[in-house]
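Chemist: Everything below, folded, please.
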Amino acid sequence: MKKHHKFLFFFHRYIHRRTSKPYTSAAHRAVPISFPSSPASSTGLRELDLLHAGELAPTPRLYHSIIAACAQFKNLAGARAIHAHLSRSCLAGDAFLLNSLIHMYCKCGAVSDARHVFDKMPSRDVVSWTYLIAGYAQNYMPAEAIGLLPDMLRARFRPNGFTFTSLLKATGACGGCSIGEQMHALAVKYNWDEDVYVGSALLDMYARCEQMDMAIMVFDRLVSKNEVSWNALIAGFARKADGETTLMKFAEMQRNGFGATHFTYSSMFSAFARIGALEQGRWVHAHLIKSGQKLTAFVGNTMLGMYAKSGSMVDARKVFDRMDKRDLVTWNTMLTALAQYGLGKEAVAHFEEIRKCGIQLNQITFLSVLTACSHGGLVKEGKHYFDMMKDYNVQPEIDHYVSFVDLLGRAGLLKEALIFVFKMPMEPTAAVWGALLGACRMHKNAKMGQYAADHVFELDPDDTGPPVLLYNIYASTGKWNDAARVRKMMKATGVKKEPACSWVQIENSVHMFVADDDTHPKSGDIYRMWEEINMRIKKAGYVPNTAHVLLHINEQERETKLKYHSEKIALAFALINMPAGASIRIMKNIRICGDCHSAFKYVSKVFKREIVVRDTNRFHHFSEGSCSCGDYW
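Modeler: Numbering: from 1, shown residues only. Here you go, the predicted structure:
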């Protein structure tokens, strides 16, 4: 029998002995459980059939062994069979076995069945309450888990460490800081707050509620710490995308004699993925290799995502190819990366490979391939895959409709996109109209753009993006009066355009720039470098596209404005400070400017550099005068 099954049995027995006579020695005899090799069995559980036939005596230990096996293998049909058999036996009211049934149903994901058992129990103990609370928490029903606590307290049961751990997990999932503070106070009242497991759950709860100061306070007060508490703290900083502190705590964990686990590495890779910290990610990857730990799908998936989001598809592909076992998350992560890089044909080939493997596709798989088709201009393929969803019993969600509108809109099929919106089986959201508005901006269709913008304003008046897009449409088509009207509306409603900024990492420092930035200590060198870049790429054929300056100024002023966009300043700084031939990776908080996109292609050719730009929508990989997006973005 598995160790945790033995623990559960003896834990139940300890609780049970407080209210009933101990079991006889015969009841404690070990009984191995086996599943039938042929379908001849009537229940699917050989021991249960032997009970039916009267060849085995019904004992608590035997019933518990069958229940534990059903829980381990998540055999819901077997669970219901043993429940039915037990309810007709002389042990139907045994509190120990009824608690085991609750645990079994929760493990099988049938929490409603567990609740039915709980509600029908003649008497309950703290284990009954704890198992049901844990079942709700583990099955993503946090509100139901927390809702049981008042009833448990009214029934005069004191929560124990297991109860608090589950309750705090549920509280963290709800993200309610006020509830979390009340739960913390209750843990203090019952003297569980300094327990290492409850303390770890407490700091994880605060971290999920974005209260890192409280999480650190709880961590510091723990008398003894373990891998769980360290991992909870590291995961908290990782979720905040605080890569520097995450790395610092990782090193501190090692110094205190705690080895990194798969959870640790996964949190580290997630943190670096959020900020695109490639070099730090590589360092942690090397640390994982040196530790001798096997690359599991759990860690491999986050590592793959880290490399993809940090601008290194080469490393992402290597991780994917070297993984022994790939699950659906692995395939989806790689598919998403290909979509974000604008590698539409490669993404389609990858999608077909997933289908050949026989893996059950889900909503994320189809969303990723639709995004890839949208970014790659593959309209025919996108339509085919959207229709294919019903073949896999995948119900399109709103994100799929947004992606399909984006697919049609990017291809210039604006009328078809609008008809599609009207025919949607659900009410179009602001995101759907926003996708259409973005396409109108791309193709300079002011009339339909105004129509789409009106719907976005009505559905999501707080979104600052649509007014800016509408202004850009009017400005790019020379309709300055309409542009001024939109600008006036933005001023009246307090809408401000998000200032563009770009940043680049040099060794362990991140350097951030805005347009016309002169605050950097080396700004003089940066501007001189860009003048040299500008001169050399113009000789190679670059012509500034002043249409991307959406201001009512003369041509010379427009060209001057183009020179000092934030991504160009970041590029000049990187060329000064990075060794010859090194790849340059730049992050930007909004969509890359069209003129900058053109200039970067020439820079990659003239200076023989690979340049990766990650903006809010996708990656652009510039090399030898071309971009991975094929100028379709």
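
Chemist: Enumerate the helices of the stretch 401-550 of the chain by residue range, in sequence order.
Modeler: 414-422, 430-443, 446-459, 465-476, 480-493, 523-539 (DSSP state H, counting those that start in this stretch).

Chemist: swap in the stretch 151-300 of the chain?
Modeler: All helices of the stretch 151-300 of the chain, identified by DSSP H, counting those that start in this stretch, fall at 161-174, 177-189, 196-208, 212-221, 227-239, 243-255, 262-275, 278-291, 297-309.

Chemist: is the nearest residue to Asn577 once chain neighbours are set aside in a bridge, and if so with what?
Modeler: In space, and not counting its chain neighbours, Asn577 is closest to Ile506: 5.1 Å by C-beta to C-beta, 6 or more residues apart in numbering. Placement of C-beta: from N, CA and C, glycine included. Beta bridges link Ile506 to Ser509, judged by DSSP bridges.

Chemist: count of residues packed around Ile506?
Modeler: Neighbour count of Ile506, defined by other C-beta atoms under 10 Å: 15.

Chemist: swap in Gly292?
Modeler: 6.

Chemist: Return the residues in contact with it.
Modeler: Contact analysis of Gly292 by C-beta atoms under 8 Å, 6 or more residues apart in numbering lists nothing.

Chemist: now swap in Val504 and tell me
Modeler: 510-511, 570-571, 573-574, 584-587.

Chemist: that older thread, these two touch, right, the residue nearest to Asn577 and Leu575?
Modeler: No: counting by C-beta atoms under 8 Å, Ile506 does not reach Leu575; the two are 11.2 Å apart.

Chemist: returning to what we had before: for Val379, find the nearest of the helices of the stretch 151-300 of the chain.
Modeler: Of all these, helix 297-309 sits nearest to Val379, with 25.0 Å by C-beta to C-beta.

Chemist: Return every residue with contacts to both of Ile506 and Leu575.
Modeler: By C-beta under 8 Å, 6+ apart, no residue touches both Ile506 and Leu575.

Chemist: how about the contacts of Val504 in TSV, adding pLDDT?
Modeler: Formatted as TSV, these follow (pLDDT from 0 to 100):
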residue	pLDDT
Val510	84
His511	91
Ala570	95
Leu571	96
Phe573	96
Ala574	96
Ile584	94
Arg585	93
Ile586	95
Met587	92
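
Chemist: could those be laid out in JSON lines, adding secondary structure, distance to Val111 and neighbour count?
Modeler: Shown next, in JSON lines, are the contacts of Val504 (DSSP: H, G, I helix; E, B strand; the rest coil; distance: C-beta to C-beta, whole Å; neighbours: other C-beta atoms under 10 Å):
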{"residue": "Val510", "secondary structure": "strand", "distance to Val111": "45", "neighbour count": "15"}
{"residue": "His511", "secondary structure": "strand", "distance to Val111": "51", "neighbour count": "17"}
{"residue": "Ala570", "secondary structure": "helix", "distance to Val111": "51", "neighbour count": "25"}
{"residue": "Leu571", "secondary structure": "helix", "distance to Val111": "54", "neighbour count": "29"}
{"residue": "Phe573", "secondary structure": "helix", "distance to Val111": "55", "neighbour count": "26"}
{"residue": "Ala574", "secondary structure": "helix", "distance to Val111": "53", "neighbour count": "22"}
{"residue": "Ile584", "secondary structure": "strand", "distance to Val111": "51", "neighbour count": "24"}
{"residue": "Arg585", "secondary structure": "strand", "distance to Val111": "46", "neighbour count": "25"}
{"residue": "Ile586", "secondary structure": "strand", "distance to Val111": "48", "neighbour count": "27"}
{"residue": "Met587", "secondary structure": "strand", "distance to Val111": "43", "neighbour count": "22"}
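
Chemist: so which pair among these is furthest apart in space?
Modeler: Of all pairs in the contacts of Val504, the most separated under C-beta to C-beta is Val510 and Leu571 at 15.2 Å.

Chemist: And stretch 150-163, what's buried?
Modeler: Within stretch 150-163, the residues scored as buried using 16 or more other C-beta atoms under 10 Å are 152, 157, 159-163.

Chemist: Now do the domain split for this structure, please.
Modeler: 397-493, 501-627 (the TED database).

Chemist: rounded to a whole number, what's the mean pLDDT of the shortest one?
Modeler: Read that as domain 397-493. For domain 397-493, the mean per-residue pLDDT is 91.

Chemist: ok now stretch 93-100, how far from the chain's centre?
Modeler: 39 Å (C-alpha atoms, centre = their mean, to the nearest Å).

Chemist: should've said stretch 341-358
Modeler: Centre-to-centre, stretch 341-358 and its host chain are 21 Å apart (C-alpha atoms, centre = their mean).

Chemist: got the buried residues for that stretch?
Modeler: Neighbour counts over stretch 341-358 (16+ other C-beta under 10 Å) mark 341-344, 346-348, 350-351, 354 as buried.

Chemist: and that stretch, C-alpha only, in PDB?
Modeler: Output of stretch 341-358 as PDB, limited to C-alpha atoms (Å, rounded to 0.1, in the frame of the first residue of the first chain):
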ATOM      1  CA  TYR A 341       7.000  35.100 -33.900                       C
ATOM      2  CA  GLY A 342       4.800  35.300 -37.000                       C
ATOM      3  CA  LEU A 343       5.900  31.900 -38.200                       C
ATOM      4  CA  GLY A 344       2.500  31.000 -39.600                       C
ATOM      5  CA  LYS A 345       3.500  28.100 -41.800                       C
ATOM      6  CA  GLU A 346       5.700  26.500 -39.200                       C
ATOM      7  CA  ALA A 347       2.800  26.900 -36.700                       C
ATOM      8  CA  VAL A 348       0.400  25.200 -39.000                       C
ATOM      9  CA  ALA A 349       2.800  22.300 -39.600                       C
ATOM     10  CA  HIS A 350       3.300  22.100 -35.800                       C
ATOM     11  CA  PHE A 351      -0.500  22.000 -35.300                       C
ATOM     12  CA  GLU A 352      -0.800  19.100 -37.800                       C
ATOM     13  CA  GLU A 353       1.900  17.300 -35.900                       C
ATOM     14  CA  ILE A 354      -0.100  17.600 -32.700                       C
ATOM     15  CA  ARG A 355      -3.100  16.100 -34.500                       C
ATOM     16  CA  LYS A 356      -1.000  13.100 -35.700                       C
ATOM     17  CA  CYS A 357       0.200  12.400 -32.200                       C
ATOM     18  CA  GLY A 358      -3.500  11.800 -31.200                       C
END
